[in-house]
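In: coordinates only, no sequence provided:
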């Protein structure tokens with residue numbers, strides 16, 4: 001049973017670390033940000049790009065490899081041969097996903113760049129403060145303390161020798 005307690009104790013320690021919680025918050029925020037970017041791409045950017053393609057939505061662009069075959073009905077209205085859907089390469093959807101990815105990557109680049117600049121600035125300010133702060137007097141070494149004590153004893157002995 002000790003092995004299980006060790007495992008769960010390790011798991012609890014792992015899950016309660018601050019950086020794990022930060023990562024969880026980042027994942028949730030990233031999901032919400034992803035929805036915003038997807039909406040930006042789908043509802044703002046791609047319709048504008050679609051106008052350049054003659055009013056057609058970019059996500060609807062496709063190359064037809066095999067045309068669809070409609071269902072064939074007999075005189076009674078019963079299906080003789082079933083409908084066969086078209087076989088297509090939907091490259092428009094791929095374009096839309098690529099634009100979505102590029103926007104997310106650009107935004108993440110900007111956020112990380114701003115974070116790194118702030119971090120560098122804070123580190124340089126901290127370094128300047130450390131350089132400007134007066135240096136604390138060095139603690140005397142053990143040898144220096146011993147020598148000072150011996151000198152004090154010598155002075156006391158000389159003082160007692162003079163008094164006798």
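Out: Received the coordinates, thanks. Just so you know, these numbers come straight off a predicted model, no measurement behind them.
In: how close does residue 106 sit to residue 151?
Out: With the distance defined as CB to CB, to the nearest Å, residue 106 ends up 71 Å from residue 151. Backbone N, C-alpha and C define where each C-beta goes, glycine included.
In: no wait, residue 19
Out: Note on residue 19: its distance to residue 151, by CB to CB, is 54 Å.
In: more neighbours: which of these two?
Out: Per other CB atoms under 10 Å, whichever of residue 19 and residue 151 has more neighbours is residue 151, with 10 against 7.
In: and that one, how far is that from residue 158?
Out: Residue 151 sits at a distance of 10 Å from residue 158 (criterion: CB to CB).
In: all strands in this protein, in order from the N-terminus.
Out: If DSSP state E is used as the criterion, the strands of the chain fall at 63-66, 72-73, 79-81, 87-89.
In: what's the most buried one of those?
Out: Among the strands of the chain, judged by mean count of other CB atoms under 10 Å, the one packed with the most neighbours on average is strand 87-89 (a mean of 13).
In: by contact count, what packs against that strand?
Out: The helices and strands touching strand 87-89, judged by 3 or more CB pairs under 8 Å, 6 or more residues apart in numbering; DSSP states H and E, are strand 63-66.
In: output the contacting helices and strands for the strand it packs on.
Out: Packed on strand 63-66, when contacts are counted by 3+ CB pairs under 8 Å, 6+ apart, are strand 87-89.
In: for the strand it packs on, what is the average pLDDT?
Out: Per-region confidence: strand 87-89 scores 92 on mean pLDDT.
In: isn't residue 89 right up against residue 66?
Out: No. With the criterion set as CB atoms under 8 Å, residue 89 and residue 66 do not qualify as a contacting pair; they are 10.8 Å apart.
In: nearest to residue 40, out of the strands of the chain?
Out: Comparing those by their distance to residue 40 (CB to CB), the top pick is strand 87-89, with 25.8 Å.
In: for that closest one, what is the distance to the chain centroid?
Out: 37 Å (CA atoms, centre = their mean, to the nearest Å).
In: so where do the helices sit in this protein?
Out: With DSSP state H, the ranges of helices along the chain come out as 2-15, 18-39, 46-52, 91-132, 142-163.
In: which one, of those, ends up nearest to residue 61?
Out: Residue 61 sits nearest to helix 91-132 of all the helices of the chain, at 2.9 Å, using CB to CB.
In: what residue is smack in the middle of the protein?
Out: With distances taken as CA atoms, centre = their mean, residue 26 lies nearest the centre of the chain, 6.3 Å away.
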